[in-house]
Structures are given as C-alpha cells and as structure tokens.
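Asker: Pasting a predicted model and its sequence here:
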Amino acid sequence: MSDTPTTASHGHGPFIAAIDQGTTSSRCIVFDKDGRIVSVDQKEHEQIFPKPGWVEHNATEIWTNVQEVVAGALDKAGITPADVKAIGITNQRETTLMWDKATGEPVHNAIVWQDTRTDALCKELGRNVGQDRFRRETGLPLASYFSGPKVRWLLDNVEGLRERAERGEILFGTMDSWVIWNLTGGVDGGVHVTDVTNASRTLLMNLHGLHWDEKILSSLEIPAAVLPEIRSSAEVYGLAKGGVLDGIPVASALGDQQAALFGQTCFSEGEAKSTYGTGTFMLMNTGGTPVNSYNGLLTTVGYRIGDQDPVYALEGSIAVTGSLVQWMRDQMGLIKSAAEIETLALSVEDNGGAYFVPAFSGLFAPYWRSDARGVIAGLTRYVTKAHIARAVLEATAWQTREITDAMTKDSGVELAALKVDGGMTSNNLLMQTLSDVLDAPVVRPMVAETTCLGAAYAAGLAVGFWPDTDALRANWRRAAEWTPRMDADVREREYKNWLKAVQRTMSWIDEED
Ligand SMILES: Nc1ncnc2c1ncn2[C@@H]1O[C@H](COP(=O)(O)OP(=O)(O)O)[C@@H](O)[C@H]1O
Ligand SMILES: O=P(O)(O)OC[C@H](O)CO
C-alpha cells in the first residue's frame, strides 16, 4: 500500500467514506473528490476453524471493528462527520449470517465463503434438483462457495431456528446486509436490504428478473420471510442512526469484486479487471444482458446504478493465489515475507521444469472440481526452492490465462489489456509473467484500493457528489504497465505443460473420502 497514506493528507472536503468488510479485516477509507485517499483505518478479525474445511467469523466482533475503523478513519483524516456526504459499503461476498430481529444477536457465527461444510448437501441437491436448474436461473454452479446452501445448513442445524424463521423472527444477510442493518439503527428500525451484486452470489436470486427465485427457495426449503429486500448498488438505503456517522446517507453496496470492477472504471462492455489477493477474481463487463458461460465461468451482476438497467459480468474465481505465497512462508518456511518470493524466484532463470497447481480446496474456475488436490509436477533432482518459487508465481499467471481463455470463448471479446489490483500486484516479476502468459499488456492504477474506491464512487453517484461515470473515468490514472516479452513458442510449450500438471490434480478425493 505504498500509495496509501494512513494519516491526513487532505485538502478541503467534502468527502465520501467507504467501509470494506473483507475476509481477513474490515477497513474504512475516506476519499476526496478526485478519488484520492485521505485516510485509512483497518482492523483484522479472528478466523475461526471449528473443523477441517469449516471457516467462521464472529459477526458481533466484525460490527464492533467496523465502528472502530470508521471512527479511526475520520479521526486520521482530521474531519468531522459533517464533511462526509455519503457512506458506501463493500464486502466479502457469499459469507452468510442469520440473526434475531428483536435482539440483533447472531444465531450462529457467520459461515465464510471458503467453508466447505455444504459439499455433501450440494451433491444431494444436484442429484435431486439438477445442476442445470441452478445455473440457468442464477448463473452459478451448485457449489458450497455460495450462500443458499449455507442458509439451509443453519436452518437444519441450529435448534429451533427453522420455526423461528418461519414465524418471521429471523433475518438472513450477507455482510453488506448486516453492516447496513446495524448502521441504520439495528433493532431500532434498521433497514434489511442487500444489493443486486451480493444477491447474485446467494444461488437464490433469479438473474434475469433480479428477484428471489421462489422455486429455488422451495427446493432449498428456505422461508422467504428471512430474506432482505434486493435494491440497486447505488441509492440511499437509509440514514445512519447513532454512532459517529449519525445522519449520513448509507448510499451504496457492492460485493468486493464488483466494487473493484467499478473502482477500476470498467464501465464499457469488454473491459475487465483482475484482483490479486488471497484468491484472485477476474470480472469482465458484458453489458446489459447476462452472458451464459459454457466454459466454467460464473454469470453475475456487475452493478446497478439506481433505477438504470443492470450491468452484468462474467467472473473467473480462483481460490488460491496469494494464499499459496502465505503457505510458502508459514507452512514451508521457504521465505520470511511474501515479498521475498520475488527475490528467491529471480535468483533462477526459469522454473527448472517444475509446475505447482495449488488445488488446496479443489479447483474453482474453470473446472469446479472439489475432488482435485494440490500437485507439484515435473520434479527432478535439479529443482531447487528457487524453481518452486517461480512455479508458485507462474501458477497465478497460468490460472489467470485459463480464465481469460474462457472469457474470450464465452464473450467473443479478445482481451486488449488487463487492469489489475490487490496485494500481489506489488510483485513485478509476477506482473511481467502475467503479461507474458496472457500475451497482453497488464496495467495497474495509481489508487490500488479499488474495492473501497468502487464503493465510494457508487455512493457518491447516488448523492450527486459525482455527476456520472464519465467523471469517475477521468480520475483513473495509470501507475505501471507491463508488456509481453515471451516468445510465442515458449508460451505454447509452458501452457501445455501447465495444463498437463492440472490434469494430475483431478480425482484425488474419492467419493467415500
Ligand atoms: N510481493 C508479493 N508477492 C506475492 N504475493 C504477495 C506479495 N505481497 C502480498 N502478497 C500476497 O497478497 C495477499 C494480500 O493481498 P490483499 O489484496 O491484501 O488480500 P485480501 O484482500 O484477500 O486480504 C496475501 O495472500 C499475500 O501472500
Ligand atoms: O474479502 P476478499 O478480498 O478475500 O474477497 C472474497 C470474495 O468476495 C469471495 O467471493
């Protein structure tokens, strides 16, 4: 975050504040009219692993942290709430929470997007209801990644919850809903809403009508009474009540990857961004109609501004990229910091014949194979830890290449250039490798915090702080660009080897495992 000041560098207001409720932390960033960062505050929350494959968050801890980082960001900016014209929300997607409407108490920890406890339920639903039905109506494959099966698990496993839900005493929401409900008063009249982008990740929303799909709700046995109202991504949902933001309009909500698409100003059909963090998520704007994927991508809502037509996107989701670098550091001890992987990889000229496919929790796009597990292929006595470091970085690049290939097949659009953001983009070798394997330019903007920026932009549009998307485009500035240097025949050979290594990961987990 080299271009991210954490203390005040502001001129004069007014400002927009954005809250990013992420997988590992919550942060609040204050932006000025030029889309520049004025201040940042951030706090991590506990990752709870009750069993192998289970991942939970304490939603009460998260709400406390959100309030703290909002106060912290305003304090660091040296501004008062009166200087803040609107607040925008962005969030880790799919993570599922149910809470008591009367007390505001969660009935269980939030079940995080990475949690695989509903694998067996998804297989059963696939047999009984059929995979195709879900993909046709929601744009998503039936997988434990999404919220719907997690809601069903809670209803089946928290004692008495189904009866209370049917009596209308319980609310369900992804983290946007939880934060907005609490911000706007909680038990004292909080609004229970979500936006179309978050709703499009639940496996419960009809992608064509943008409403909860009654047939799918009934297949999953989820009572409609628990569901939030689906609203656009940029409109005033209500005013903050109490706390430091009292009276400020809460004016946007976008899932974090859609917010990054918005923050990167990918407003035209065919424009795409890829965010390199714990995992990697590439989204391409496909315009006003949902494009069906026949190549393993997700069809999702990109954004909807007020009562304008929705904009759809194709998404390639990769579960493990930055977390593989963390694994090299924490589990293998081969590097001391994430940044050191670049130095180690640069100490050799190539991968020495080694290919690392990090299918740690199966493979997401384009394969959606929960039976795959990680593989290092091509090992000989020649291979050193430096070659493995190269293979680790190349894994992120090749996984992206597989997704861009699928995007081109599904959309018919050849990638002209890829806009990137996220923690891994500080790695120059990775960015060069990415450009080499994609055979396309890779560009990084000045403001790397595109997720918060996107939420701020949407909130600012909703309250007239910015007039239109053209004004936002004018704020986008390039900080760095990488162009391809690899020979075409080397690219072909390496891609073939990568795909061979991917095949080695398949069918590792047997049905009885
Ligand atoms: N220089 C680097 N080279 C490779 N990976 C890096 C580097 N710096 C950070 N990372 C990886 O990027 C991730 C953090 O990026 P970030 O965008 O903050 O992720 P998230 O929003 O998912 O928490 C970590 O998984 C870390 O291992
Ligand atoms: O919070 P992040 O940045 O890890 O993003 C998580 C994604 O929204 C999961 O779909």
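Answerer: Perfect, I can see it now. Worth saying up front: this structure is predicted, and the values here are computed from it rather than measured. Ligands and ions are numbered 1, 2, ... in the order given.

Asker: Just the pLDDT for V193.
Answerer: Looking at V193, its pLDDT is 98.

Asker: One more: I509?
Answerer: 80.

Asker: Pull the contacting residues for it.
Answerer: G362, S370, D371, A372, R373 (CB atoms under 8 Å, 6 or more residues apart in numbering). To be clear about C-beta, it is placed using only N, CA and C from the backbone, and glycine gets the same treatment.

Asker: give me phi/psi at it?
Answerer: phi -90, psi 120 (degrees, to the nearest 10).

Asker: quick one: it from ligand 2, how far?
Answerer: 22 Å (CB to the nearest ligand atom, to the nearest Å).

Asker: How are the strands of the stretch 1-150 of the chain distributed by residue range?
Answerer: Using DSSP state E, counting those that start in this stretch, the strands of the stretch 1-150 of the chain run over 15-21, 25-31, 37-44, 56-57, 84-91, 97-100, 110-111.

Asker: what angle sits between the fifth one and strand 25-31?
Answerer: Counting by axes from the mean of the first three to the mean of the last three CA atoms, to 10 degrees, strand 84-91 lies at 150 degrees to strand 25-31.

Asker: pretty sure Q258 contacts G302?
Answerer: Yes: counting by CB atoms under 8 Å, Q258 touches G302, with 5.8 Å between them.

Asker: Find the residues that touch each one of these two.
Answerer: By CB under 8 Å, 6+ apart, Q258 and G302 have these common neighbours: T197, L283, A313.

Asker: Which of the residues you listed has the largest number of neighbours?
Answerer: Neighbour counts for those peak at T197, which has 32 neighbours (criterion: other CB atoms under 10 Å).

Asker: about what we covered before: could you dump the shared contacts of Q258 and G302 to a markdown table with distance to ligand 1, secondary structure and pLDDT?
Answerer: Output for the shared contacts of Q258 and G302, formatted as a markdown table (distance: CB to the nearest ligand atom, whole Å; DSSP: H, G, I helix; E, B strand; the rest coil; pLDDT from 0 to 100):
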| residue | distance to ligand 1 | secondary structure | pLDDT |
| --- | --- | --- | --- |
| T197 | 17 | helix | 98 |
| L283 | 15 | strand | 96 |
| A313 | 19 | strand | 96 |
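
Asker: Quick check: which ranges of the protein have low pLDDT?
Answerer: By pLDDT under 70, the low-scoring segments of the chain are 1-11, 511-513.

Asker: mind checking the SS state of the residue of it positioned farthest from its centre?
Answerer: Each residue of the chain has a distance to the centre, and by CA atoms, centre = their mean the biggest one is for R381: 39.1 Å. Following DSSP: H, G, I helix; E, B strand; the rest coil, R381 is assigned to coil.

Asker: What of the one 10 residues further on?
Answerer: Each residue gets one of three states, and A391 gets helix by three-state DSSP.

Asker: roughly how far apart are the residue of the stretch 351-500 of the chain found nearest ligand 2 and S25?
Answerer: Using CB to the nearest ligand atom, the single residue of the stretch 351-500 of the chain nearest to ligand 2 is T451, 7.0 Å away. T451 is 12 Å from S25, where distance means CB to CB, to the nearest Å.

Asker: and those two? which has more neighbours close in?
Answerer: Between T451 and S25, T451 has the larger neighbour count (other CB under 10 Å), namely 30 against 15.

Asker: ok, then the element right after whatever helix or strand that one lives in?
Answerer: Here T451, judged by DSSP states H and E, is contained in helix 450-462. Beyond helix 450-462 in the direction of the C-terminus, DSSP H and E gives the next helix or strand as helix 469-473.

Asker: got the residues of the stretch 51-200 of the chain near ligand 2?
Answerer: With CB under 6 Å from any ligand atom as the criterion, the stretch 51-200 of the chain meets ligand 2 at residues Q92, R93, E94, W113.

Asker: And those residues, which is closest to I248?
Answerer: Distance to I248, by CB to CB, is smallest for Q92 among these, at 23.1 Å.

Asker: That closest one contacts Q257, correct?
Answerer: No: counting by CB under 8 Å, Q92 sits too far from Q257 to count as a contact (9.6 Å).

Asker: more neighbours, these two?
Answerer: Q257 (29 against 25).

Asker: Wait, a helix at the more buried one?
Answerer: Yes: according to three-state DSSP, Q257 belongs to a helix.

Asker: Restrict whatever helix or strand T433 lives in to CA atoms and write it as CSV.
Answerer: For T433, the host element (DSSP H and E) is helix 428-438. Extracted in CSV, the C-alpha atoms of helix 428-438 (Å, rounded to 0.1, in the frame of the first residue of the first chain):
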residue,chain,number,x,y,z
ASN,A,428,7.0,-7.0,-10.5
LEU,A,429,8.1,-10.4,-11.6
LEU,A,430,4.6,-11.8,-11.3
MET,A,431,3.1,-8.8,-13.2
GLN,A,432,5.7,-9.4,-16.0
THR,A,433,5.0,-13.1,-16.1
LEU,A,434,1.3,-12.4,-16.2
SER,A,435,1.7,-10.1,-19.3
ASP,A,436,4.0,-12.8,-20.9
VAL,A,437,1.5,-15.7,-20.4
LEU,A,438,-1.6,-13.6,-21.4
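
Asker: Centre of the chain to that helix, how far?
Answerer: 22 Å (CA atoms, centre = their mean, to the nearest Å).

Asker: next structured bit after it?
Answerer: Counting by DSSP H and E, what follows helix 428-438 is strand 442-445.

Asker: Pairing partners for that following strand, with directions?
Answerer: Note on strand 442-445: by DSSP bridges, its sheet partners are strand 418-421 (parallel), strand 478-482 (antiparallel).

Asker: buried sites along the last one?
Answerer: Judged by neighbour count (16 or more other CB atoms under 10 Å), strand 478-482 contains these buried residues: W482.

Asker: Next, the angle from it to helix 428-438.
Answerer: Using the same axes, to 10 degrees: strand 478-482 against helix 428-438 is 60 degrees.

Asker: Strand 478-482 near ligand 1 anywhere?
Answerer: No: for strand 478-482, no contact with ligand 1 is found by CB under 6 Å from any ligand atom; the gap never falls below 13.7 Å.

Asker: now that strand, how far from the chain's geometric center?
Answerer: Distance, centroid of strand 478-482 to centroid of chain: 23 Å (CA atoms, centre = their mean).

Asker: any idea which helix or strand comes after that strand?
Answerer: helix 488-505.

Asker: Pull out the buried positions in that next one.
Answerer: R491, E494, N497, W498, A501, V502, R504, T505.

Asker: With distance to N128 added, can I get those residues in a markdown table?
Answerer: Output for the buried residues of helix 488-505, formatted as a markdown table (distance: CB to CB, whole Å):
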| residue | distance to N128 |
| --- | --- |
| R491 | 44 |
| E494 | 43 |
| N497 | 40 |
| W498 | 37 |
| A501 | 35 |
| V502 | 30 |
| R504 | 32 |
| T505 | 28 |
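
Asker: Pull the most distant pair out of these.
Answerer: R491 and T505 (21.8 Å).

Asker: What about E340, how many residues nearby?
Answerer: For E340, using other CB under 10 Å, the count is 15.

Asker: Next, the contact list for it, please.
Answerer: R329.

Asker: And it, how far from V250?
Answerer: 41 Å.

Asker: Next: A406.
Answerer: A406 is 36 Å from V250, by CB to CB.

Asker: Compare those two (neighbour count), which wins?
Answerer: V250 (26 against 20).

Asker: all helices for the stretch 201-350 of the chain, in order.
Answerer: 214-220, 256-263, 322-330, 340-346 (DSSP state H, counting those that start in this stretch).
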